[in-house]
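Enquirer: When you get a sec, could you give me coordinates for this:
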Amino acid sequence: MNEITSHSGYVVWSWIRLWIVFFSCSGCAWCEPTLKLGWSGPLTGPSAVLGVDSLKAVQLAVEQANEAGGVGGRRIELLVEDDQYETSQAVLAYRRLAAKGAVAILASTYGGIFATAQLALRDGVIVIDPLDCNDDIAALEENTFCLATRSESISALLAADIVRTKRFPVTLVRDGKNPFMVLVERELTRLLGSAELYIIEGTQLESLRAALSNHRARAARAVVFLGHDPMGQAMREARSLGITAQFYTLGTITSPGFQQLAGPAAQDALVAYWEAPASEALAAFLDRFQARFGKEPVLQLASLPSFDAASALIETMQKVFSKRGAVEIADLRFELRRYFKHEGVSGELKMDLDGAVRSIQERLYRFNHGRLERVNLAPNGATNGAPLLKATTE
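Expert: I've put the predicted structure just below:
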């Protein structure tokens, strides 16, 4: 009888231990054989230039980390979703990545960051935007972060040059569906004053042609184009209508699609853009990127912060593991907000307590025959340029 009781007790205790393991590991990313990171952004569509090299940069960071042993001995598995830079698709991409067990997601579609912030807090998922960083993102829920060029620097830069050169009045052409471009417009309106701006929304050719034919648009001394590839067509239309104003735009002009649509109209456009300062780390990254993918990244402001965001996230995970023996989201969030410092290919990075890195500021460039040249202000207000980037049209 004692032998039977002893055997029964052993069986019961074995089942209890199995249930303990099951429930303790249920929903626990650390109990998975790999540590899953997610990436979502545009890989197809008119905004693909923002996503293609971003993903490649993140792949490099993950490969580099896995070569060094992963995190706590676990390999990192990268999960990828194409959201075509559409907010609704970004939400679906987030849900799919979270359902597959991603503990953190690098997400570069601006509208999607706001649409998923509460979901990420509820689900216990860290979300980092490696393309845009501003006060609006910093004000979101505590699981949402940004490590990218500072969005506010774009509007400040363009407005400063327009004011300095007294290029008033100003016409602004904006993609009406793009929430990031709405942010840039909002800041430009605040800096320049709404009375000085004639705003055209939309990317449909017929409506653009009609709006650009308006006497206010034709009288402009500066035209700002805010959007992706369709803005190239808007530039071409403006020139064909005889508008001789100075053109301003964003780094999206480096997209082959944008340049193809703009043609000669893009020549001498002034561009808010960013390139990393020269360093050994940057040179090593560009060499690895070239060796792995056959060419350098087209858009540094999309690729370099993405590499740094992924590398810094993995580094912080390893730091948490070294302290705790596991990677818990609450600990990871705390380390990111309180102690995050990273010497990356984008330069020296430090995260503020609100979850934003604000040290990457854009500068003014001139588009000259497929290249971006840094614009330096001379004492008399003239500009001098030195070629820094080949904006490929392949």
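Enquirer: The nearest residue to residue 213 once chain neighbours are set aside and residue 376, how far apart?
Expert: Distances taken as Cβ to Cβ, 6 or more residues apart in numbering put residue 241 closest to residue 213, at 6.0 Å, once the chain neighbours are dropped. C-betas here are computed from N, CA, C, even on glycine. The gap separating residue 241 from residue 376 is 32 Å, by Cβ to Cβ, to the nearest Å.
Enquirer: For the residue nearest to residue 213, list the residues it contacts.
Expert: 209, 212-213, 218 (Cβ atoms under 8 Å, 6 or more residues apart in numbering).
Enquirer: Is residue 171 in contact with residue 192, as I believe?
Expert: No - with contacts counted by Cβ atoms under 8 Å, residue 171 stays clear of residue 192, the gap being 11.6 Å.
Enquirer: okay but residue 214 is in contact with residue 207, surely?
Expert: No - counting by Cβ under 8 Å, residue 214 stays clear of residue 207, with 11.4 Å between them.
Enquirer: for the protein, what helix or strand is lowest in average pLDDT?
Expert: strand 383-390 (a mean of 36; mean pLDDT, DSSP states H and E).
Enquirer: Break the protein down into its domains, please.
Expert: 33-149+278-357, 152-273+363-390 (automatic domain parsing).
Enquirer: just the ones you listed: most buried one?
Expert: Highest mean neighbour count of these: domain 33-149+278-357, a mean of 20 (counted as mean count of other Cβ atoms under 10 Å).
Enquirer: Quick one: mean pLDDT over that one.
Expert: Domain 33-149+278-357 carries an average pLDDT of 96.
Enquirer: any idea of the pLDDT on the residue nearest to residue 213?
Expert: Residue 241 is given a pLDDT of 95.
Enquirer: The one 10 residues further on too?
Expert: Confidence at residue 251, expressed as pLDDT, is 94.
Enquirer: Please verify my assumption that it contacts residue 272.
Expert: Yes - Residue 251 lies in contact with residue 272 (Cβ under 8 Å); the separation is 6.9 Å.
Enquirer: any common contacting residues for the two?
Expert: The contact sets of residue 251 and residue 272 overlap at residue 362 (Cβ under 8 Å, 6+ apart).
Enquirer: Report the distance from stretch 192-206 to the chain centre.
Expert: Computed by Cα atoms, centre = their mean, to the nearest Å, the separation of stretch 192-206 from the middle of its chain amounts to 25 Å.
Enquirer: which ones are touching the residue nearest to residue 74 when sequence neighbours are not counted?
Expert: Distances taken as Cβ to Cβ, 6+ apart put residue 35 closest to residue 74, at 4.8 Å, once the chain neighbours are dropped. Taking Cβ under 8 Å, 6+ apart as the criterion, residue 35 is in contact with 29, 70-72, 74-77, 103, 317, 327.
Enquirer: chain center to whichever strand or helix holds residue 184: distance?
Expert: Assessed by DSSP states H and E, residue 184 sits inside helix 179-192. Put simply, helix 179-192 sits 18 Å off its chain's centre (Cα atoms, centre = their mean).
Enquirer: Check which element follows it along the chain.
Expert: strand 197-201.
Enquirer: Could you list every helix and strand in contact with that next one?
Expert: Counting contacts by 3 or more Cβ pairs under 8 Å, 6 or more residues apart in numbering; DSSP states H and E, strand 197-201 packs against strand 170-174, helix 179-192, helix 205-212, helix 215-218.
Enquirer: among these, which is nearest residue 89?
Expert: Nearest to residue 89 among those is helix 179-192; the distance by Cβ to Cβ comes to 13.7 Å.
Enquirer: which strands and helices sit next to the closest one?
Expert: Here helix 179-192 is seen to pack against helix 110-123, helix 152-165, strand 170-174, strand 197-201, strand 222-226 when contacts are counted using 3+ Cβ pairs under 8 Å, 6+ apart.
Enquirer: what helices or strands is the third one leaning on?
Expert: Translated: strand 170-174. When contacts are defined as 3+ Cβ pairs under 8 Å, 6+ apart, strand 170-174 packs onto helix 179-192, strand 197-201, helix 205-212, strand 222-226, helix 230-240.
Enquirer: Go through these and name the closest to residue 303.
Expert: The closest of the helices and strands packed on strand 170-174 to residue 303 is helix 179-192. By Cβ to Cβ, the value is 17.8 Å.
Enquirer: got a list of contacts for the closest one?
Expert: Defining contact as Cβ under 8 Å, 6+ apart, one finds that helix 179-192 is touched by 87, 110-111, 114, 132, 134, 136, 151-152, 154-156, 158-159, 162-163, 170, 172, 174-175, 197, 199, 224, 226-227, 250.
Enquirer: With just CA atoms, put that helix into PDB.
Expert: Output in PDB follows, covering the C-alpha atoms of helix 179-192 (Å, rounded to 0.1, in the frame of the first residue of the first chain):
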ATOM      1  CA  PRO A 179       0.000  61.900 -41.100                       C
ATOM      2  CA  PHE A 180       3.700  62.600 -40.900                       C
ATOM      3  CA  MET A 181       3.400  65.200 -43.600                       C
ATOM      4  CA  VAL A 182       0.500  66.700 -41.700                       C
ATOM      5  CA  LEU A 183       2.900  67.100 -38.700                       C
ATOM      6  CA  VAL A 184       5.500  68.900 -40.900                       C
ATOM      7  CA  GLU A 185       2.800  71.200 -42.400                       C
ATOM      8  CA  ARG A 186       1.600  72.000 -38.900                       C
ATOM      9  CA  GLU A 187       5.000  73.000 -37.700                       C
ATOM     10  CA  LEU A 188       5.700  75.100 -40.900                       C
ATOM     11  CA  THR A 189       2.400  76.900 -40.400                       C
ATOM     12  CA  ARG A 190       3.300  77.700 -36.900                       C
ATOM     13  CA  LEU A 191       6.800  79.000 -37.900                       C
ATOM     14  CA  LEU A 192       5.800  80.900 -41.000                       C
END
